[in-house]
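Q: fold the stuff below for me.
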Amino acid sequence: MGFEIVCQECGAAIFTGFDLKSAKDVLKLYSGRCKKCGTLLSPQDFQLEVVRL
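A: Residues are numbered from 1 along each chain as shown. Model prediction:
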């Protein structure tokens, strides 16, 4: 089962993978910004949503 972290501003996938990582760790890779729109993101901005495929 995979998961992804998505920017709430533009909808771009910031991270997609099978290894569970925290939003904080993923945002460190991109200096806390969305790699598509450049919006400054905070780990508190993210919510968990489970979707059955």
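Q: any stretches of this protein with poor pLDDT?
A: Across the chain, residues meeting the criterion (pLDDT under 70) sit at 1, 53.
Q: how does it look with 90?
A: 1-9, 14-27, 29-30, 35, 42-53 (pLDDT under 90).
Q: which stretches of it form helices?
A: 23-29 (DSSP state H).
Q: can you give me the strands in it?
A: 3-6, 13-17 (DSSP state E).
Q: which one of those lies closest to residue 50?
A: Residue 50 sits nearest to strand 3-6 of all the strands of the chain, at 9.3 Å, using C-beta to C-beta. Bear in mind the C-beta positions are built from the backbone N, C-alpha and C, glycine included.
Q: how distant is the closest one from the center of its chain?
A: 5 Å (C-alpha atoms, centre = their mean, to the nearest Å).
Q: when you give positions from now on, start the count at 353
A: Sure, I'll start counting at 353 from here, so that last one is strand 355-358.
Q: parallel or antiparallel, list what pairs with that strand.
A: If you go by DSSP bridges, strand 355-358 pairs up with strand 365-369 (antiparallel).
Q: I'd like the strands of the chain as JSON lines, with distance to residue 393 appended.
A: Shown next, in JSON lines, are those (distance: least, C-beta to C-beta, whole Å):
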{"stretch": "strand 355-358", "distance to residue 393": "9"}
{"stretch": "strand 365-369", "distance to residue 393": "8"}
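Q: any chance of those in JSON lines, plus mean neighbour count and distance to residue 394?
A: Formatted as JSON lines, those follow (neighbours: other C-beta atoms under 10 Å; distance: least, C-beta to C-beta, whole Å):
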{"stretch": "strand 355-358", "mean neighbour count": "15", "distance to residue 394": "13"}
{"stretch": "strand 365-369", "mean neighbour count": "14", "distance to residue 394": "13"}
